[in-house]
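Novice: Next one to model:
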Amino acid sequence: MTVIGLDDTDSRELGMCTTYLAARVAERVGAERLVLVRLNPAVEYKTRGNAALAVHTDCDPETAFEVASEEVARAAEVEDPRTNPGLVVAPGDPEDVPDEICDFARRAVRELLTSEEADAKIESAGYQSEGWKNERGKIGALAAVGAWAAGAAGAEAASPRPLPEGESADESADSTVSEEVFDDWTHERISYRESDQWGTPRDVDAESVFDAANEGYPDVWDTVDRETGQLVCVPHTPGPILHGIRGDDPDAVRQVANEIDGEAVERTATFVTNQGTDAHLRDATLREVEDGHAYRVEGTVTTEPETHRGGHVFFDLRDGGEEGDEGGESELRCAAFEPTKRFRDRVRSLREGDRIVACGEVSDGTLKLEKFAVRDLSRTELVTPDCPNCGRSMKSAGAEQGYRCRNCKTTAPGKVEREVERELEFGWYEVPPEARRHISKPLVRGGFDAPIHPEK
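Specialist: Presented below is the predicted three-dimensional model:
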């Protein structure tokens, strides 16, 4: 067999899509499998989803390289200064990729890697490769080559995950999210437009999308946003994708895609992918976080959430440091940005003293929230005491002199605790489907360590 790795052929402004290029290559070489790998979402020069593609084929390496090189040269949007395509072709079974390439693939999901390291590993493995312009796309192309072998269970991992008998998706919450990068695979069915329609408004029947989405849910997720009416599966870029349907079951995503009415479809392809898995998140303490990575961190809310200009919501998170750590406490700014919409109301409901787990990418010293879990809620607040005789609120008696009732002359030494009702409950909260990153795991998929409050 042969593995073809492709990356960075699309453009934010000019369109195209590396999945489309991979589908064309797959058609020409007779692919057995298409793998869509979402890499580190914190990479500055990525397009929106930061996807790299692998084509697994029985075609010989020389022919595979020739075909893939032709397709990249024909279709890649190299006029965009940010587009720097890369191609890597590896002979042999996809499950027999060397360990160093598997490790490179895992790191590409969570770290910032260099072209120099990619070139060195390509040469060491004896792979054929080609790059265009600054050749940065070879990083993702090599990662795509190693992703399948890097998976914990190989081909078996691509089958749908059965739940224990009698257990629903939101009840499958017995374990924390795994630290493995490729131990979970999902699927996406992508339908592509006829080329003369690229760049024009998409013709998709919204009612058929919602009907199909409701029928496929929860095995098929993030197809629509039921609260806003947004067709999440339909992109707004000028590229070739008409719609992309994501889910746990390959037959289910095909079924949903087939039930959507709209304009003519040129071709379709089904991808095995690490989308919807939280593979980018690593567990860390607040002291360990760095820009350019995504984390799962636990701490205590130390400031009341504030809404800033533009509708962004900010608060601070603090931990007490490690036992015996002379560095003491660490603090991290957290933000729910305006595109996360109603998720911000959940964040605004946090209070000083709440204990949470926060998940997201860290950039410029701020964690961009994708989801959070409530571990403990502060259920009291300090308030001015009421007079036990007349019930009126007492007034300050002066600095450090407590409070007194001006009518009854009763006194109190200081503020008192009062119970407060909380809108939040224990468990996990997430951004709505229209704001979710491709790689982020929807709560409805289950496997979380507390009750879930999924967005639909």
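Novice: where are the low-confidence patches of the stretch 101-250 of the chain?
Specialist: Scanning the stretch 101-250 of the chain for pLDDT under 70 picks out the ranges 152-179.
Novice: ranges for the strands of it?
Specialist: With strands called from DSSP state E, counting those that start in this stretch, the stretch 101-250 of the chain shows them at 128-131, 186-193, 220-221, 241-247.
Novice: elements contacting the longest one?
Specialist: If I follow you right, that is strand 186-193. Contacts defined by 3 or more Cβ pairs under 8 Å, 6 or more residues apart in numbering; DSSP states H and E place strand 186-193 against helix 18-29, strand 241-247, helix 250-258, strand 265-273. Every C-beta, even on glycine, is put in place using the N, C-alpha and C of the backbone.
Novice: now the angle between helix 18-29 and the last one, please.
Specialist: Spelled out, that is strand 265-273. Going by axes from the mean of the first three to the mean of the last three Cα atoms, to 10 degrees, strand 265-273 is angled at 100 degrees with respect to helix 18-29.
Novice: Which positions within the helix or strand following strand 265-273 qualify as buried?
Specialist: Reading on from strand 265-273 to the C-terminus, the next helix or strand found by DSSP states H and E is strand 281-283. Going by neighbour count (16 or more other Cβ atoms under 10 Å), the buried part of strand 281-283 is L281, R282.
Novice: Check stretch 395-410 too.
Specialist: Y403, R404, C405, T410.
Novice: This structure - how does it break down into domains?
Specialist: 2-150, 186-273, 281-379+421-453, 380-419 (automatic domain parsing).
Novice: quick one: terminal-to-terminal distance for the longest one?
Specialist: Distances were taken as Cα to Cα, to the nearest Å; on that basis the terminal residues of domain 2-150 are 16 Å apart.
Novice: give the contact list for H187.
Specialist: H187 sits next to A158, R246, G247, D248, D249, P250, V253, T270, F271, V272, T273 when contact means Cβ atoms under 8 Å, 6 or more residues apart in numbering.
Novice: Tell me the bridge partners for it.
Specialist: Counting by DSSP bridges, H187 is bridged to G247, V272.
Novice: re the thing from before, which stretch among the strands of the stretch 101-250 of the chain approaches A358 most closely?
Specialist: When the strands of the stretch 101-250 of the chain are compared by Cβ to Cβ, strand 220-221 sits nearest A358, at 22.2 Å.
Novice: would you list the helices and strands packed on strand 186-193 in a markdown table and tack on mean neighbour count and distance to S208?
Specialist: A markdown table is the format used below for the helices and strands packed on strand 186-193 (neighbours: other Cβ atoms under 10 Å; distance: least, Cβ to Cβ, whole Å):
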| stretch | mean neighbour count | distance to S208 |
| --- | --- | --- |
| helix 18-29 | 23 | 23 |
| strand 241-247 | 25 | 11 |
| helix 250-258 | 20 | 10 |
| strand 265-273 | 20 | 14 |
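Novice: so can I have a markdown table of these showing distance to L39?
Specialist: As requested, the helices and strands packed on strand 186-193 are exported to a markdown table (distance: least, Cβ to Cβ, whole Å):
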| stretch | distance to L39 |
| --- | --- |
| helix 18-29 | 12 |
| strand 241-247 | 17 |
| helix 250-258 | 22 |
| strand 265-273 | 12 |
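Novice: Nearest to V109, out of these?
Specialist: Smallest distance to V109 across the helices and strands packed on strand 186-193 (Cβ to Cβ): 12.0 Å, for strand 265-273.
Novice: Wait, H438 touches R38, no?
Specialist: Yes: with contact defined as Cβ atoms under 8 Å, H438 and R38 form a contacting pair (5.2 Å).
Novice: which neighbours do those two share?
Specialist: Listed as contacting both H438 and R38 by Cβ under 8 Å, 6+ apart are G49, A51, Q275.
Novice: Next up, the contacts around the last one.
Specialist: The neighbours of Q275, taking Cβ under 8 Å, 6+ apart as the test, are L36, R38, T186, E188, R246, H438, I439.
Novice: ok, G49 to V35 distance?
Specialist: Per Cβ to Cβ, to the nearest Å, G49 is found 14 Å from V35.
Novice: Among those two, which residue is more densely surrounded?
Specialist: With neighbours defined as other Cβ atoms under 10 Å, G49 and V35 compare such that V35 has more, 26 against 19.
Novice: Find the nearest non-adjacent residue to the more buried one, please.
Specialist: A54 (4.1 Å; Cβ to Cβ, 6 or more residues apart in numbering).
Novice: E338 is in contact with G311, correct?
Specialist: Yes: contact criterion Cβ under 8 Å: G311 and E338 qualify, at 3.9 Å.
Novice: where do the contact lists of these two overlap?
Specialist: Shared contacts of G311 and E338 (Cβ under 8 Å, 6+ apart): R344.
Novice: Once you drop chain neighbours, what's closest to S363?
Specialist: Excluding the flanking residues, the one nearest S363 by Cβ to Cβ, 6+ apart is D291, at 5.7 Å.
Novice: An error on my part: the question was meant for S440.
Specialist: E370 (5.0 Å).
Novice: for R287, same thing?
Specialist: Leaving aside its sequence neighbours, R287 sits nearest to S330 (Cβ to Cβ, 6+ apart; 4.2 Å).
Novice: Hmm, L112 is touching N40, no?
Specialist: Yes: assessed by Cβ under 8 Å, L112 is found in contact with N40 at 6.6 Å.
Novice: where do the contact lists of those two overlap?
Specialist: Shared contacts of L112 and N40 (Cβ under 8 Å, 6+ apart): G292.
Novice: Neighbour count: these two, which is higher?
Specialist: Between L112 and N40, counting by other Cβ under 10 Å, N40 is the more crowded of the two (23 against 16).
Novice: Roughly how far does that one sit from L281?
Specialist: From N40 across to L281, the span is 11 Å (Cβ to Cβ).
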